[in-house]
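1. mind folding the following:
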Amino acid sequence: MVRMGIRIGTVATAAAVLTLAGCSSEDSSENTSAPPESSAPSTPVTAAADDEQQIRDLVDAQTDAFAAGDWAALADLTCSEFRERVSDPGQFLVPPLDMFGPREQVTSLSPAQVSDLLAQRFGSGVSPETLDRVAQAIVAYDDAAYRDAMLDLMTESTTVTVDNVENIEIDGDSATADITTTRVMGDNPPATSTDSTPYVREDGEWLDCSDPSGQ
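-> I've put the predicted structure just below:
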């Protein structure tokens, strides 16, 4: 998840510091003595309104997918340029294992100690089962298990709410929109930000085309 564009990359930035070390229109065609005006001029307006609604629906779908930790769904809502990255979120969301310290230092701790430290850092929203999975992986210095478990922990500890979607600009098969989101990570105070998010239309469908790494 997530700025998810809701940009997912915002969660990546926060992850780096959350470690153990730190209405209707009117009908005007009542005059039957003359033929009605052609409706053709209103077509672009209608199309633009449809495009805007599709982008709003996309943002809603991304929010739901992030909340569920459904990265496959998020990948499907992403443009082809970045789809592969979004399908493997561990590479840009999860801080590297060595940020918790060198192997000899980390493996000297008990899983219970690490779990307690994680709970302090990531708040009360994370389940004990997830905390234990992460702690076990860290103490074992098992990078693959750590990435899987840590991704679950970050999903559980992060809430993203979309406050506003505005200034949608359509330009052919490209678009931008200003997305205001409020992010809560762990027990930290809410953080609200507004970001311009790019979209592209591929095969008739609008997709988020922001870099998930936040670059």
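2. need the single longest helix in this protein, by residues.
-> helix 43-67 (DSSP state H).
3. confirm Asp184 sits in a helix?
-> Small correction: residue 184 is Val, not Asp. No - judged by DSSP: H, G, I helix; E, B strand; the rest coil, Val184 forms no part of a helix; its state is strand.
4. who's in contact with it?
-> Thr158, Thr159, Pro190, Ala191 (Cβ atoms under 8 Å, 6 or more residues apart in numbering). The C-beta positions use only the backbone N, C-alpha and C, and glycine is treated the same way.
5. show me which of these are buried.
-> Thr158, Thr159 (16 or more other Cβ atoms under 10 Å).
6. among the contacts of Val184, which lie within strands?
-> Among the contacts of Val184, the ones falling in strands (DSSP state E) are Thr158, Thr159, Ala191.
7. can you lay out the residues you listed as CSV showing pLDDT?
-> Compiled in CSV, the ones in strands among the contacts of Val184 are given as follows (pLDDT from 0 to 100):
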residue, pLDDT
Thr158, 89
Thr159, 90
Ala191, 95
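8. what residue ranges in the protein score low on pLDDT?
-> Across the chain, the ranges flagged by pLDDT under 70 are 1-45, 214-215.
9. now do the helices in it.
-> With DSSP H as the criterion, the chain has helices spanning 9-15, 43-67, 71-76, 83-87, 90-93, 103-106, 111-122, 128-140, 143-157.
10. to Glu169, which of those lies closest?
-> helix 43-67 (9.6 Å; Cβ to Cβ).
11. that closest one: how far from the chain's middle?
-> 15 Å (Cα atoms, centre = their mean, to the nearest Å).
12. could you give the angle of that helix to helix 143-157?
-> Angle, helix 43-67 to helix 143-157, by axes from the mean of the first three to the mean of the last three Cα atoms, to 10 degrees: 120 degrees.
13. tell me the buried residues in helix 43-67?
-> Per 16+ other Cβ under 10 Å, helix 43-67 contains these buried residues: Asp51, Glu52, Ile55, Leu58, Val59, Ala61, Gln62, Thr63, Ala65, Phe66.
14. for it, packing partners?
-> helix 71-76, strand 158-171, strand 174-185, strand 191-202, strand 205-208 (3 or more Cβ pairs under 8 Å, 6 or more residues apart in numbering; DSSP states H and E).
15. which of these sits closest to Asp148?
-> helix 71-76 (11.4 Å).
16. for that closest one, packing partners?
-> Here helix 71-76 touches helix 43-67, helix 83-87, going by 3+ Cβ pairs under 8 Å, 6+ apart.
17. okay, buried residues for that helix please.
-> Trp71, Ala73, Leu74, Ala75.
18. could you dump the residues you listed to a markdown table with distance to Ser124?
-> What follows is the buried residues of helix 71-76, written out as a markdown table (distance: Cβ to Cβ, whole Å):
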| residue | distance to Ser124 |
| --- | --- |
| Trp71 | 24 |
| Ala73 | 27 |
| Leu74 | 26 |
| Ala75 | 30 |
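19. ok, the ones in strands among the contacts of Val184 vs Leu207, which is closest?
-> Among those, and counting by Cβ to Cβ, the member closest to Leu207 is Thr158, at 22.5 Å.
20. ramachandran angles for Asp203?
-> phi 50, psi 40 (degrees, to the nearest 10).
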